[in-house]
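In: My questions concern the predicted model and sequence given below.
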Amino acid sequence: MADIAEMLDELQHKTAHNPEWKARFLASREEADPISAFCRICREFGYEIYEMDLICAGENFYASMRRSTNGGGENSPKLLGEDDFYELFFAGLENDK
């Protein structure tokens, strides 16, 4: 099974070429719980992505990056936004106009 980053990358690529999918994902941001709506749509399209998996994947990715820079100590640079796969997904969609 693919990891969350791979699934989101594949889903983002497919969504960029499918106006109906893109509209659904963009509309999900207006829901009362946008992350849950996003994950529900992912599952409808065959990608088993759940809220905690999405959050943990971003945090784990960020922690790995941080450990790899300058030994991962307190002096490691702050990497803004690198842990938010949800926002990165939408940034990619919005840049693909």
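Out: Arrived safely, thanks for sending. Numbering: from 1, shown residues only.
In: Can you report phi and psi for Glu48?
Out: Backbone torsions of Glu48, given as degrees, to the nearest 10, read phi -80, psi 80.
In: How many neighbouring residues does it have?
Out: The number of residues packed near Glu48 is 12, by other Cβ atoms under 10 Å. In short, each C-beta sits where N, CA and C put it, glycine included.
In: what do you get for Ala91?
Out: Other residues lying near Ala91 total 13 when counted by other Cβ under 10 Å.
In: what packs against the helix or strand harbouring it?
Out: Using DSSP states H and E, Ala91 sits within helix 85-95. Taking 3 or more Cβ pairs under 8 Å, 6 or more residues apart in numbering; DSSP states H and E as the contact definition, the neighbouring helices and strands of helix 85-95 are helix 4-16, helix 19-28, helix 34-44, helix 51-68.
In: switch the cut-off to 7 Å
Out: Under the contact criterion of 3 or more Cβ pairs under 7 Å, 6 or more residues apart in numbering; DSSP states H and E, helix 85-95 touches helix 4-16, helix 51-68.
In: ok, and the closest non-adjacent residue to Met7?
Out: Distances taken as Cβ to Cβ, 6 or more residues apart in numbering put Tyr47 closest to Met7, at 4.9 Å, once the chain neighbours are dropped.
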